[in-house]
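*Asks:* Have a look; sequence and predicted model below, questions after that.
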Amino acid sequence: MTEATMPVAAPGPVVVGVDGSPSSTLAVRWAALEAARRGAPLVLVHVWKAVPVSVPHAATLGPYEDRLIEEGRQWLAEASAVAQEAAPDVATSTRLMSGSVAAKLIGRSASAALVVLGSRGLGGFTGLVVGSIAVAVTTHGLCPVVVVRGADPHSAPRQDGPVVVGVDGSPTSHEAIRFAFQAASFRDVPLVAVYAWSDLPITTVWELTTTWQSIQRQESARLDQWLAEIQALYPGVHVEQVVVRDGPAHALLDQAKSAQLVVVGSRGRGGFRGLLLGSTSQALIHHAACPVAVVPPYRS
């Protein structure tokens, strides 16, 4: 591979949301290590919510807002210490903002390589995963978004195991493949490409009249085709293909048990249709035993 064709990390910093929660601390540590792998700066962001001027007696709430600001500064200082301990060579900066958490993080995503969120939140990030913030950021974010999870809410995510990517042939699946190959290359680990080709509850006529071996060959050939272009850029990454007659959520959750990162596109087709608003994304964000990366379409 020539220097001109060598894959490089996306430009921009790694941005991580900070709210003082244990989950936020795990996300900061993960983001710092990821920034070190990418040779990128790390930006720690805390968003506090100002009281609207239309609220009765809002003018008397100045001391309350001052406390929110001071608390945010303290959380950012603590997060900086965590980041420096995890990756001392990474240039780390902090941003303290007021407003909508989702809007601010989406805004930062325009110039970021990656936005990182914890799987549980406090303060401005309350309900991060189950509420509107995660849906808004993963739906409207302009760069990949990672929700950091471990085997349980109190466990740091594992740093061993392969990178897993869900593949379905859609345009965002293509971008997810690119991101996943890069992530596997950074970590020097294998890539597991999962194609869950059928999640129908009943057997179709096609399946009744076609042998499983024949189906396996056909679907494996499709997966080969989808991977080929990007795989050529990463000859050092070992690829394992998993082609299953299964639902995508179940297949990816199963593979995530032994993975250090699972990657999906923000839009899909076939088994991955409705990824962000349907059961697949909800299952991954709530139950995956490793961090989950949601990759948006390519921006020219």
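*Replies:* Done, it's in. Residues are numbered from 1 along each chain as shown.
*Asks:* How far off centre is the strand or helix carrying Q84?
*Replies:* Per DSSP states H and E: Q84 is located in helix 62-86. In terms of Cα atoms, centre = their mean, to the nearest Å, the centre of helix 62-86 is found 24 Å from the chain centre.
*Asks:* Buried residues, it. List them.
*Replies:* Buried positions in helix 62-86, judged by neighbour count with 16 or more other Cβ atoms under 10 Å: 68, 72, 75-76, 78-80, 82-83, 86. Bear in mind the C-beta positions are built from the backbone N, C-alpha and C, glycine included.
*Asks:* could you pull out the strands for the stretch 151-300 of the chain?
*Replies:* With DSSP state E, counting those that start in this stretch, the ranges of strands along the stretch 151-300 of the chain come out as 163-166, 191-196, 239-244, 261-265, 292-295.
*Asks:* Please identify which of the buried residues of helix 62-86 is nearest to D168.
*Replies:* A86 (34.2 Å; Cβ to Cβ).
*Asks:* Please tell me how far that closest one sits from A31.
*Replies:* According to Cβ to Cβ, to the nearest Å, A86 and A31 sit 9 Å apart.
*Asks:* swap in F179?
*Replies:* 15 Å.
*Asks:* ok, and the helix or strand in this protein with the lowest average confidence?
*Replies:* Ranking every helix and strand in the chain by mean pLDDT, DSSP states H and E puts helix 205-209 at the bottom, with a mean of 52.
*Asks:* now for whatever helix or strand G107 lives in, which elements pack on it?
*Replies:* Using DSSP H and E, G107 maps to helix 101-109. Using 3 or more Cβ pairs under 8 Å, 6 or more residues apart in numbering; DSSP states H and E, the elements in contact with helix 101-109 are strand 14-17, strand 42-48, strand 114-118, helix 132-140.
*Asks:* Need the distance between the two termini of stretch 162-171.
*Replies:* 23 Å (Cα to Cα, to the nearest Å).
*Asks:* What residues of it count as buried?
*Replies:* 162-168, 170.
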